[in-house]
Structure formats: C-alpha cells, structure tokens
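A.B. asks: Could you work out the structure for the sequence below:
(one chain, ligands or ions: 2)
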Amino acid sequence: KISACIFDLDGVVVDTAKYHYIAWKSLANELGFDFTEEDNERLKGVSRMRSLDILLEIGGVELDDKTKLELADKKNKNYVEYILKMTPDEILPGVKDFFNELKEQGIKIALGSASKNAMTILNQLELTDYFDAVVDGTHVSNAKPDPEVFLKGAELLGVSPSECIVFEDAEAGVEAAINGNMKCVGIGSPDVLGKANIVVPGFVGFSMAQLNF
Ligand code: BG6
Ligand code: MG
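C.D. replies: Ligands and ions are numbered 1, 2, ... in the order given. Here you go, the predicted model:
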C-alpha cells in the first residue's frame with residue numbers, strides 16, 4: 001500500500017539547475033577560471049558547501065573555511081535573485097496534474113530537498129499548499145545518500161517508509177531512497193538512475209496506474 005509520495009525539488013518539480021549554474025559560473029569567473037555546463041552536472045543533488053568544494057577543485061583553488069563560507073553566501077545571494085523572479089509557469093510539465101491525482105487518491109505529498117531555499121521556491125511556484133510536510137536543507141544534518149531527509153518526511157506524515165515512493169533526479173537521491181527502504185521513481189535517464197525501481201523522463205502522462213508497487 002502506498003500512502004505517501006516524497007518529492008525532491010530541484011530537477012523534479014522545477015529546473016533550478018540553470019540558475020545554480022549562472023550563479024556558480026559567475027563566482028568561478030570572479031575567481032579567475034571557467035565553469036562549464038558539463039561541470040554543473042556534478043553539482044546536481046549536492047549540498048551547497050560540497051558544490052563549492054567541487055567548483056574550487058575544478059579551478060584548482062584552495063581557500064580557508066571562512067572565505068569558503070563567504071563565497072557560498074555570495075553565490076547564494078546571487079542565486080536567490082533569480083529564484084525570486086520565478087513564477088508558476090516554471091513548474092515542470094505534468095507535475096501539477098500528478099499532484100492533483102495524488103490528492104484525489106488521498107495520497108500524502110511531502111518534499112525532501114537538500115536546498116535551504118526550498119520554501120522560497122515553493123512559494124514562488126505557488127505550490128506550498130499541496131505539501132503535507134516539507135523537509136529541506138534547513139532541517140537535516142546528513143546529505144543524501146543518507147536517507148535522513150526522506151525518513152523525516154515519512155515521520156512527519158506518520159507513515160512507514162515502506163509505504164512511501166520517492167521521486168528523484170539525482171543518483172545520490174535514489175540511493176537515499178533505497179537506504180531509507182522506500183520505493184523510488186527516477187526522473188531522468190536510466191543511465192544515471194538505474195538503481196531506481198523505474199525511471200521515467202518526466203511527469204507528462206505519468207500516473208500512479210503505471211506503478212505496480
Ligand atoms: C539541491 C540541488 O536540491 O540543493 C543542488 O540539486 C544544490 O544543486 C542543493 O546545491 C543545495 O541548494 P541550496 O539552495 O541550499 O544552495
Ligand atoms: Mg534534484
């Protein structure tokens with residue numbers, strides 16, 4: 001029996017990777033090196049500080065912890081300027097129809113995101129009311145593939161992990177779902193998300209009827 005669906009945010013509900021990219025690239029350029037879209041793929045699903053470490057590694061730059069915190073904060077301020085301009089038009093295709101299907105079936109909806117900006121994004125997209133529980137980067141201390149973010153979601157909803165389906169676009173997120181004893185639907189390519197129970201390209205035409213969990 002499935003009682004709840006837990007959604008990753010970035011790359012599942014909305015494409016924020018393009019804004020992360022602009023903000024990280026501008027920081028890299030200030031530090032004197034380039035940062036490509038291919039490099040940006042490595043940051044999907046990765047925490048803010050870990051993202052900065054990967055970026056600095058690409059540029060061959062070493063910095064002390066205090067400077068790193070300042071740079072992460074600077075990148076975030078730039079990123080937030082972009083997400084504050086987001087509108088509900090940016091919800092990925094099919095997502096809202098699927099949320100409505102879940103509501104009709106009495107299946108609970110939770111968010112399980114690494115982002116500390118999750119609430120800002122949900123508010124911009126006018127999706128906040130769909131969520132019965134929100135767990136984001138401000139509530140957890142262990143990053144995916146640790147299952148903490150999803151287990152907290154199940155706990156808040158009062159359901160057991162085996163009754164949950166996680167929707168994820170990043171490999172570490174799929175692993176987090178598996179580590180939490182949850183079912184997982186990968187959103188993206190089977191090459192990257194092969195460990196998920198099923199992988200679909202997106203939510204257009206997607207329905208619970210396609211799952212035999
Ligand atoms: C994840 C994104 O959802 O959140 C990552 O996929 C991002 O790219 C991470 O680094 C942390 O986000 P934020 O908004 O707290 O910097
Ligand atoms: Mg993601």
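
A.B. asks: Only C-alpha atoms from now on, for both contacts and neighbour counts.
C.D. replies: Fine.

A.B. asks: Show the backbone phi and psi for residue 187.
C.D. replies: The phi and psi torsions at residue 187 (degrees, to the nearest 10) take the values phi -110, psi 110.

A.B. asks: residues contacting it?
C.D. replies: Counting by CA atoms under 8 Å, 6 or more residues apart in numbering, residue 187 touches 12, 167-169, 193, 199-202.

A.B. asks: In contact with residue 184: list those residues for me.
C.D. replies: By CA under 8 Å, 6+ apart, the neighbours of residue 184 are 165-168, 174, 177-178, 196-198.

A.B. asks: how about a cut-off of 10 Å?
C.D. replies: Counting by CA atoms under 10 Å, 6 or more residues apart in numbering, residue 184 touches 5-6, 164-168, 173-178, 193, 195-199, 213.

A.B. asks: Repeat that for residue 100.
C.D. replies: The contact partners of residue 100, taken as CA under 10 Å, 6+ apart, are 106-107, 130.

A.B. asks: Assumed residue 196 was part of a helix.
C.D. replies: No: counting by DSSP: H, G, I helix; E, B strand; the rest coil, residue 196 is not part of a helix but coil.

A.B. asks: so it makes contact with residue 179?
C.D. replies: No: in this structure residue 196 lies outside contact range of residue 179 using CA atoms under 10 Å: 11.6 Å.

A.B. asks: Out of the contacts of residue 187, which are close to ligand 2?
C.D. replies: Among those, proximity to ligand 2 is found for residue 169 (CA under 5 Å from the ion).

A.B. asks: Scan the contacts of residue 187 and report the most crowded one.
C.D. replies: Ranked by the number of neighbours (other CA atoms under 10 Å), these place residue 168 first, at 31 neighbours.

A.B. asks: I'd like to know the average pLDDT value across the helix ranked longest in the chain.
C.D. replies: Counting residues, the longest helix in the chain under DSSP state H turns out to be helix 65-83. Helix 65-83 comes out with an average pLDDT of 98.

A.B. asks: Pull out the buried residues from it.
C.D. replies: By 16 or more other CA atoms under 10 Å, the buried positions in helix 65-83 come out as 68, 71-72, 75-76, 78-80, 82-83.

A.B. asks: Please, where are all the strands along this structure?
C.D. replies: Per DSSP state E, the chain carries strands over the ranges 4-7, 108-112, 133-135, 164-168, 183-187, 198-200.

A.B. asks: As TSV, the ones you listed with distance to residue 87 would be great.
C.D. replies: Compiled in TSV, the strands of the chain are given as follows (distance: least, CA to CA, whole Å):
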stretch	distance to residue 87
strand 4-7	19
strand 108-112	19
strand 133-135	20
strand 164-168	22
strand 183-187	22
strand 198-200	25
